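Visitor: make a model of this:
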Amino acid sequence: MPRSTARSSSPLWHGSPGDATCDALVEYYRLVAGEHPDWDEYRQAMVEEGRLLATFVPSTAVGQIH
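Guide: Numbers count the residues shown, from 1 in each chain. Below you'll find the model as predicted:
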């Protein structure tokens, strides 16, 4: 089973609906669920909820890979 560990010591995110974090959240939403009926509302909700998107790039792999 894949696993990862992450630790963050940065302060809480206080972004804005037009920043790169919201752009990444919109891109992720589109990939998973398609178009949202109100992108402005979605972006504002992501900021208010302090949502973030973590991406991981593996640098090594151990075991069987199919």
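Visitor: which one is the residue nearest to the spatial centre of the chain nearest to, not counting chain neighbours?
Guide: With distances taken as CA atoms, centre = their mean, Leu53 lies nearest the centre of the chain, 1.7 Å away. Closest residue in space to Leu53, ignoring its immediate chain neighbours: Ala24 at 4.8 Å, by CB to CB, 6 or more residues apart in numbering. Just so you know, the C-beta spots here come from the backbone N, C-alpha and C atoms, and that holds for glycine as well.
Visitor: quick check: buried residues in the helix or strand containing that neighbour?
Guide: Under the criterion of DSSP states H and E, Ala24 resides in helix 20-33. Of the residues in helix 20-33, Thr21, Cys22, Leu25, Val26, Tyr29 count as buried by neighbour count, 16 or more other CB atoms under 10 Å.
Visitor: ok now do the nearest residue to the first one once chain neighbours are set aside, which residues does it touch?
Guide: Computed as CB to CB, 6+ apart, the closest residue to Thr21 that is not its neighbour in sequence is Gly15, at 5.0 Å. Residues near Gly15 by CB atoms under 8 Å, 6 or more residues apart in numbering: Thr21, Cys22, Met46, Val47.
Visitor: same list (these) but as a markdown table, adding pLDDT.
Guide: Formatted as a markdown table, the contacts of Gly15 follow (pLDDT from 0 to 100):
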| residue | pLDDT |
| --- | --- |
| Thr21 | 89 |
| Cys22 | 92 |
| Met46 | 92 |
| Val47 | 90 |
